[in-house]
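Trainee: quick one, fold the following:
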Amino acid sequence: MSRALKTVVLYSDGSSLGNPGPGGYGGILEYGDIRKEFFGGEANTTNNRMELRGVIEGLKLLKFPCRVEVVTDSSYVAKGINEWLDNWIKRDFKKVKNPDLWREYLKVSKGHQVHATWVRGHNGHPENERCDELAREEANRQKTSSNL
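Mentor: The predicted model follows:
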């Protein structure tokens, strides 16, 4: 008998100062009472890349197959995961922005059941606000370090 998948919530946000420019992502993984924050960034990137990178990096932290509810204020990421990905795969990502990251997403999401929920950004959602804060702090760190 197979075990039921554990349900994990992955909150994620991305930010870039300029598009492209220094960028960051921030995320929170929650499983029951367990909560883990994570963040990172790149010196020269776009907002959409950071939005998707946050989801990818969150999925990489999972140690076993899970049911994952991604909560994001990026309609690009939510619709990409829920609606567009199957057609993009059929077209081998032709005319798709960030195909490298979407291919990486496919690898790290394998084995998981992923669904995305879109939330309005900057609307008082506590976890989304925290992810935004982590992403902006990292984007500013990237900007500062690229100016050294």
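Trainee: hey, let's count contacts and neighbours off CA atoms from now on
Mentor: Fine.
Trainee: partners of the helix or strand hosting residue 27 in the sheet?
Mentor: Secondary structure from DSSP states H and E places residue 27 in strand 21-31. The pairing partners recorded for strand 21-31 under DSSP bridges are strand 6-16 (antiparallel), strand 34-45 (antiparallel).
Trainee: what lies in contact with the shortest one?
Mentor: This points to strand 6-16. 22-32, 45-55, 58, 65-74, 127-128, 131-132, 135-136, 139 (CA atoms under 8 Å, 6 or more residues apart in numbering).
Trainee: now a PyMOL select for only the buried ones of these.
Mentor: If you want just the buried ones from these in PyMOL, going by 16 or more other CA atoms under 10 Å, the selection is:
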select buried, resi 22+23+24+25+26+27+28+29+30+45+46+47+48+49+50+51+52+53+54+55+58+65+66+67+68+69+70+71+72+73+74+127+128+131+132+135+136+139
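Trainee: got a list of what the residue minimising distance to the centre of the chain touches?
Mentor: Centroid-nearest residue in the chain: residue 55, 2.3 Å away (criterion: CA atoms, centre = their mean). The contact partners of residue 55, taken as CA under 8 Å, 6+ apart, are 10-12, 27, 70, 105.
Trainee: which one of the residues you listed is nearest to residue 113?
Mentor: The shortest approach to residue 113 among those belongs to residue 70, at 10.4 Å (CA to CA).
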